[in-house]
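**Student:** mind folding the following:
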Amino acid sequence: MRLVCISDTHSLHEKMPPIPNGDILVHAGDCTGSGTLPQLDEFTRWMGALPHKNKILVAGNHDFCFDKSLRNPTWAVRSRNMCEQNGINYLQGESLSIDGVNFFGFPWQPIFRFMAFNAPEQERQARLQLVPNDTHVLITHGPAWRIFDWIPDIGEHVGCFPLAQRIDELTQLKAHICGHIHEGYGFAQRESDGVKFANASTCTAQYKPTNRPIIIDL
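**Tutor:** Residues are numbered from 1 along each chain as shown. Take a look at the predicted model:
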């Protein structure tokens, strides 16, 4: 199974590099610039028209339209409907199985300004315990602690520590896909257990949509 991974397109999807073919297109959040319904409508129509048989989307901190705690609750319903109408599987603390591979989507990340899906550490830790033990591919918006989470300008790791802990507990995990920290774009495979890690941020730190999609073969 070939996963084509992108993230942090920020309504600049029409300007990003070509998207390769694959079995599943995964977007790890921040599909919009400011989380409005018109922006999401444009994005879901674009993603839905791509030829990949299966498509998975997780929300990011810019995607306010999915976070019912920050906008009109009906926005979240309308946002899900846009995804469904365009053949996109939206995962918000939910699992999905495709051809025997189990996916789980998790949009919450450490608190940063007044953004969507902000969650304190205790809440993140509790939510992460709901990730099924048989998860093969974990898709989160934010990175785990010390895995593609370094921001050079401030000289800090900003990833989620409870997420790093939960990843180590998932014995069937094959891949973790994230975005959020544009400076952390990259791919690596851990020698100890073979888990593949990808920060698939399409936009650079300067919000230029020039990073290429990352391919993960399972």
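**Student:** centre of this protein to the edge, which residue is at the far end?
**Tutor:** Going by CA atoms, centre = their mean, the residue of the chain most distant from its centre is Ser192, 24.1 Å out.
**Student:** what's the closest non-adjacent residue to the residue nearest the centre of the chain?
**Tutor:** Of all residues in the chain, the one closest to the mean position by CA atoms, centre = their mean is Ala28, 1.7 Å from it. Closest residue to Ala28 apart from its sequence neighbours, by CB to CB, 6 or more residues apart in numbering: Ser7 at 3.7 Å. Heads up, the C-betas are built off the backbone N, CA and C, glycines and all.
**Student:** what's near enough to touch the one you found?
**Tutor:** Going by CB atoms under 8 Å, 6 or more residues apart in numbering, Ser7 touches 27-30, 60, 141, 177-180, 199-202.
**Student:** same thing with Arg166?
**Tutor:** Leu128, Gln129, Val131.
**Student:** three-state assignment of it?
**Tutor:** Counting by DSSP: H, G, I helix; E, B strand; the rest coil, the backbone at Arg166 sits in helix.
**Student:** just the strands in this structure please.
**Tutor:** Secondary structure of the chain by DSSP state E: the strands cover 2-6, 24-27, 54-57, 89-90, 94-98, 101-106, 137-140, 150-151, 156-157, 175-178, 186-189, 196-199, 214-217.
**Student:** among those, which comes closest to Gln122?
**Tutor:** Taking CB to CB, strand 101-106 is the member of the strands of the chain nearest to Gln122, at 15.6 Å.
**Student:** partners of that closest one in the sheet?
**Tutor:** Partners of strand 101-106 in the sheet, by DSSP bridges, are strand 94-98 (antiparallel), strand 137-140 (parallel).
**Student:** got the buried residues for the first one?
**Tutor:** Judged by neighbour count using 16 or more other CB atoms under 10 Å, the buried positions of strand 94-98 are Leu96, Ile98.
**Student:** hmm, who's touching it?
**Tutor:** Contacts of strand 94-98 (CB under 8 Å, 6+ apart): Met1, Ile24, Asn54, Ile56, Asn89, Asn102, Phe103, Phe104, Gly105, Pro132, Thr135.
**Student:** quick revisit: quick check, nearest of the contacts of Arg166 to Thr44?
**Tutor:** Val131 (25.3 Å).
**Student:** that closest one against Asn102, yeah?
**Tutor:** No: in this structure Val131 lies outside contact range of Asn102 using CB atoms under 8 Å: 10.1 Å.
**Student:** quick check: closest non-adjacent residue to Ala198.
**Tutor:** Sequence neighbours aside, Ile214 is the residue nearest to Ala198 in space, at 4.5 Å (criterion: CB to CB, 6+ apart).
**Student:** related to what we said a few turns ago, can you put the contacts of Ser7 in JSON lines and add distance to Leu163 and pLDDT?
**Tutor:** Converted to JSON lines, the contacts of Ser7 look like this (distance: CB to CB, whole Å; pLDDT from 0 to 100):
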{"residue": "His27", "distance to Leu163": "18", "pLDDT": "99"}
{"residue": "Ala28", "distance to Leu163": "13", "pLDDT": "98"}
{"residue": "Gly29", "distance to Leu163": "14", "pLDDT": "98"}
{"residue": "Asp30", "distance to Leu163": "17", "pLDDT": "98"}
{"residue": "Gly60", "distance to Leu163": "15", "pLDDT": "98"}
{"residue": "His141", "distance to Leu163": "10", "pLDDT": "98"}
{"residue": "Ile177", "distance to Leu163": "12", "pLDDT": "99"}
{"residue": "Cys178", "distance to Leu163": "9", "pLDDT": "98"}
{"residue": "Gly179", "distance to Leu163": "13", "pLDDT": "98"}
{"residue": "His180", "distance to Leu163": "11", "pLDDT": "98"}
{"residue": "Asn199", "distance to Leu163": "13", "pLDDT": "98"}
{"residue": "Ala200", "distance to Leu163": "16", "pLDDT": "98"}
{"residue": "Ser201", "distance to Leu163": "16", "pLDDT": "98"}
{"residue": "Thr202", "distance to Leu163": "21", "pLDDT": "98"}
